[in-house]
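K.L.:
A predicted structure for the sequence below; I have some questions about it.
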Amino acid sequence: MAAMDALTIQRLVELNNGFYRANAASFSASRQHAWDGWRKVAELLPHRPESVLDVACGNMRFKRFLDEAYGEGVAYFGLDSCDDLVPDDLQDRFCPVDLLGERVSLPSGIPQEHDLIACFGFMHHVPDVELRSRTLRFLAESCAPNGTIAVSFWQFACDENMRRKAMETTLRGLEETGIALDDGDYLLGWNGSCDAYRYCHSFSDDEVDALLDALPAPFETLARFKADGRSGIMNSYAVLRPLLR
């Protein structure tokens, strides 16, 4: 597959940033509960994480899940490109980072390595294969030598009803925006609005395999499983830990 051109990547990133700024309240209200896959991830961890980096933290509901699972002693740091979803009482746990910028690095003042690197509900917003690989490399670089990486890949097109609706909104969105998309790319709507689009990619199993195989450092796969949604298979999870560095 040919690389996506820089202008298209920029337009898709701006589309999503605009979507979350405009729909922060309604989107956050629909994202209040823990995912079933998170519970499976917690069961796979070799030990209680002392430091957690939540990449693309959104409204930080993963912190609430951690508090329920481990108490409030876990050092939590949430990264996101946009702070519109971050609750006021958790602003001190939030670090603004351009996750899709040319050079992604952890801000000074927080640990540079963490016991658990969590990245849930974000990879489908990352356009282009190379940018997805770069995102995974950032996760790997932020992981402590004895830490764990847990990342999810949305596979909504495996649901025929969701795929049909996604195709309908994508065709309408393409007419309005003129953006060119790659295979597996969609423009999803929101709450029946005619002008609220967000870019999402539905991953195939082969795509996930290729991204994980491209990690430069050796990682051991603790688990690959599917979870979430009514069908229980809407997200593909990868749980990894580094081998010798």
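P.N.:
Arrived safely, thanks for sending. Numbers count the residues shown, from 1 in each chain.
K.L.:
Any buried residues in the lowest-mean-pLDDT helix or strand in the chain, and which?
P.N.:
Ranking every helix and strand in the chain by mean pLDDT, DSSP states H and E puts helix 24-29 at the bottom, with a mean of 86. Within helix 24-29, the residues scored as buried using 16 or more other C-beta atoms under 10 Å are 24, 27-28. C-beta coordinates here come from the backbone N, C-alpha and C atoms, glycine included.
K.L.:
list the helices and strands the strand ranked longest in the chain packs on?
P.N.:
In the chain, assigned by DSSP state E, the strand with the most residues is strand 143-154. Contact analysis of strand 143-154 by 3 or more C-beta pairs under 8 Å, 6 or more residues apart in numbering; DSSP states H and E lists helix 36-44, strand 114-119, helix 129-141, strand 235-242 as its packing neighbours.
K.L.:
Can you give me the buried ones in the third one?
P.N.:
Just to be clear, that refers to helix 129-141. Residues of helix 129-141 classed as buried under the neighbour-count rule (16+ other C-beta under 10 Å) are 129, 131-133, 135-136, 138-140.
K.L.:
quick check: angle from that helix to strand 235-242?
P.N.:
Orientation check (axes from the mean of the first three to the mean of the last three C-alpha atoms, to 10 degrees): helix 129-141 against strand 235-242 gives 50 degrees.
K.L.:
And for helix 129-141, what's in contact with it?
P.N.:
1, 3, 9, 55, 99-100, 104, 117, 119, 122-123, 126, 149, 151, 210-212, 214-217, 219, 242 (C-beta atoms under 8 Å, 6 or more residues apart in numbering).
K.L.:
With mean pLDDT and distance to residue 185 as added columns, please give the helices and strands packed on strand 143-154 in JSON lines.
P.N.:
Shown next, in JSON lines, are the helices and strands packed on strand 143-154 (pLDDT from 0 to 100; distance: least, C-beta to C-beta, whole Å):
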{"stretch": "helix 36-44", "mean pLDDT": "96", "distance to residue 185": "23"}
{"stretch": "strand 114-119", "mean pLDDT": "97", "distance to residue 185": "19"}
{"stretch": "helix 129-141", "mean pLDDT": "95", "distance to residue 185": "11"}
{"stretch": "strand 235-242", "mean pLDDT": "96", "distance to residue 185": "17"}
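K.L.:
So for stretch 65-84, what gets flagged as buried?
P.N.:
65-66, 69, 74, 76-82, 84.
K.L.:
Where does confidence bottom out across the residues you listed?
P.N.:
Looking at those by pLDDT, the weakest one is residue 82, with 86.
K.L.:
hang on, it is in a strand, isn't it?
P.N.:
No: counting by DSSP: H, G, I helix; E, B strand; the rest coil, residue 82 is not found in a strand; it is coil.
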